[in-house]
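S.K.: Here is my input, please return the structure:
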Amino acid sequence: MRELLGDYEPRGKVVQGLGKFIAFGLDDPFHVTTATGLALYGIGKIMERRSNYGLRRAKIDIAFTTLEMKEIISDLAQMRLM
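M.R.: Numbers count the residues shown, from 1 in each chain. Model prediction:
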C-alpha cells in the first residue's frame, strides 16, 4: 500500500540542500567543502531518483499544474483587456 501511495515529497531534498549550502556557502581556498558539498548534492539527487512517485505526489503535481494554468489564463485575460 505504501508503494502505491508513495511519498509526500521526493527523498533526498534535505541532503541536496545541505550539499548546496556546504558547497557554495562555506567556500574555502582548498575547495574541500566544495567537493564535499557537491558529493552530498549528488547523493541527494540519487536518493531523489529512487523515491517512489506514487499517488500522493501525483495529486500534488496535478494541483500545482491546475493552479499554474489558472494563473496563466488570468494573465492572458488581463493582457487582452489592456
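S.K.: got the buried residues for the helix ranked longest in the chain?
M.R.: For the chain, the longest helix by residue count, based on DSSP state H, is helix 54-81. Judged by neighbour count using 16 or more other Cβ atoms under 10 Å, the buried positions of helix 54-81 are Arg57. Yep, even glycine has a C-beta here, placed from its N, CA and C like the rest.
S.K.: what pLDDT, on average, does it get?
M.R.: Per-residue pLDDT values across helix 54-81 average out to 86.
S.K.: Counting by contacts, list what it packs against.
M.R.: Packed against helix 54-81 by the contact rule (3 or more Cβ pairs under 8 Å, 6 or more residues apart in numbering; DSSP states H and E) you find helix 2-5.
S.K.: State the next helix or strand along the chain beyond the helix it packs on.
M.R.: Note on helix 2-5: by DSSP states H and E, the next helix or strand toward the C-terminus is helix 13-20.
S.K.: Return the distance of that following helix from the chain's centre.
M.R.: Centroid separation between helix 13-20 and its chain, computed with Cα atoms, centre = their mean, to the nearest Å, is 10 Å.
S.K.: any idea which residue sits dead centre in this protein?
M.R.: Lys13 (6.5 Å; Cα atoms, centre = their mean).
S.K.: This completes my enquiry, with thanks.
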